[in-house]
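A.B. asks: Sequence first, predicted model second:
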Amino acid sequence: MKNFNNKVAAITGAGSGIGQQLALLLAKQGCHLALSDVNEQGLAQTLALLQDTPVRISTQKLDVADREAMKQWAADTVTTHGAVNMIFNNAGVALSSTVEGTSYEELEWIVNINFWGVVYGTKEFLPLIKATGDGHVINISSLFGLTAQPTQSAYNATKFAVRGFTESLRQELDMQNCGVSALCVHPGGIRTNIANAAKMNDSIRSLGMHPERSAKSFNKLLRCPPEEAARQILEAVQKDKRRVLIGNDAKAIDLIQRILPAGYQRVISLANSWSKKSKKGKRSPKID
């Protein structure tokens, strides 16, 4: 797919962040849009930003964890737009917790959204995209789909799963030579609301971490603007790349994992321990 003019793109999580910026950039290039998000207010904000664009736009409140809702949205997209060329499975959530402290309900919540949401979006849209003979499946993993991190076991599990699922899909599409391709995206610290919206389990206190302070610290690492992430994703689609690493942090993590495929775990553990001791040493003495 060399250009997006007069194509149709479906985007989950389009109410903010990368999803919103993908919508804006695609509209500027003449691409029609089917936008979805569980947050209707966010969707309305995206639609307002697109009000002066000449492309056709449809919106849908959607929980990506609902398979039947995803199936209906895919069918409605074709009914409204006549065809669909791309699905951006972008919606996702975060959870900080230890393995021991994570409840089964929390695991089901994040897996249903981050993994099954991608599966549903891929499977429901893929036959429709193949019918055009010119399309792309874009699945958002993470730099945490490259290496594991303490307190991120559930998030890591979903993002590693998205990576494996998408890489397998890409190989199958290559073998079928059907005009449809797939891209796995590994963003680093993108300046979105994911940290503020993340669930924080008190179990991380057992590692010397504080839920509220951890969210603030993580926010400081979110440096890449979402519009830059969206630009790089669309460029990767046009170049038919198999994967794209967004941000120097993602590239550095990928390099470390290649050099130390198992040893990186010790490096990260030591770095977290050093950071914890450093912060503790800077605290003012407590006065009762």
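C.D. replies: Sure thing, it's come through.
A.B. asks: Can you check the pLDDT for Gly188?
C.D. replies: Gly188 carries a pLDDT score of 87 in this model.
A.B. asks: likewise Gly208?
C.D. replies: pLDDT, read off for Gly208, is 83.
A.B. asks: in this structure, which segments are predicted with low confidence?
C.D. replies: For the chain, the stretches with pLDDT under 70 are 194-197, 212-222, 274-288.
A.B. asks: Just the helices from it, written as ranges.
C.D. replies: 17-28, 40-49, 67-81, 104-111, 117-130, 153-176, 194-197, 211-220, 226-238, 248-259, 264-282 (DSSP state H).
A.B. asks: out of these, deepest packed?
C.D. replies: The highest mean neighbour count among those, using mean count of other C-beta atoms under 10 Å, belongs to helix 17-28: a mean of 23. Yep, even glycine has a C-beta here, placed from its N, CA and C like the rest.
A.B. asks: what's it in contact with?
C.D. replies: Outside helix 17-28, the residues that touch it by C-beta atoms under 8 Å, 6 or more residues apart in numbering are 4, 9, 11-14, 33, 35, 37, 42, 45-46, 49-50, 53, 55, 57, 88, 90-91, 140, 187, 190, 192-194, 226-227, 229-231, 233-234.
A.B. asks: Just the C-alphas of that helix, formatted as PDB.
C.D. replies: Extracted in PDB, the C-alpha atoms of helix 17-28 (Å, rounded to 0.1, in the frame of the first residue of the first chain):
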ATOM      1  CA  GLY A  17      -3.200   9.100  21.800                       C
ATOM      2  CA  ILE A  18      -1.800   7.200  18.900                       C
ATOM      3  CA  GLY A  19      -5.300   6.200  17.600                       C
ATOM      4  CA  GLN A  20      -6.400   9.800  17.400                       C
ATOM      5  CA  GLN A  21      -3.200  10.900  15.700                       C
ATOM      6  CA  LEU A  22      -3.500   8.100  13.200                       C
ATOM      7  CA  ALA A  23      -7.000   9.300  12.300                       C
ATOM      8  CA  LEU A  24      -5.800  12.900  11.800                       C
ATOM      9  CA  LEU A  25      -2.800  11.900   9.600                       C
ATOM     10  CA  LEU A  26      -4.800   9.400   7.500                       C
ATOM     11  CA  ALA A  27      -7.600  12.000   6.900                       C
ATOM     12  CA  LYS A  28      -5.000  14.500   5.700                       C
END
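A.B. asks: Renumber starting at 12 from here on
C.D. replies: Right, with 12 as the first residue, what we last looked at is helix 28-39.
A.B. asks: Distance from the chain centre to it, please.
C.D. replies: Between the centre of helix 28-39 and the centre of its chain there are 14 Å (C-alpha atoms, centre = their mean, to the nearest Å).
A.B. asks: so that helix versus helix 237-249, what angle?
C.D. replies: Interaxial angle, helix 28-39 versus helix 237-249 (axes from the mean of the first three to the mean of the last three C-alpha atoms, to 10 degrees): 60 degrees.
A.B. asks: what angle separates helix 28-39 from helix 51-60?
C.D. replies: Interaxial angle, helix 28-39 versus helix 51-60 (the same axes, to 10 degrees): 30 degrees.
A.B. asks: With respect to Thr109, which of the helices of the chain lies nearest?
C.D. replies: Nearest of those to Thr109, taken as C-beta to C-beta: helix 164-187 at 7.6 Å.
A.B. asks: list the helices and strands that closest one packs on?
C.D. replies: Packed against helix 164-187 by the contact rule (3 or more C-beta pairs under 8 Å, 6 or more residues apart in numbering; DSSP states H and E) you find helix 115-122, helix 128-141, strand 146-151, strand 191-198.
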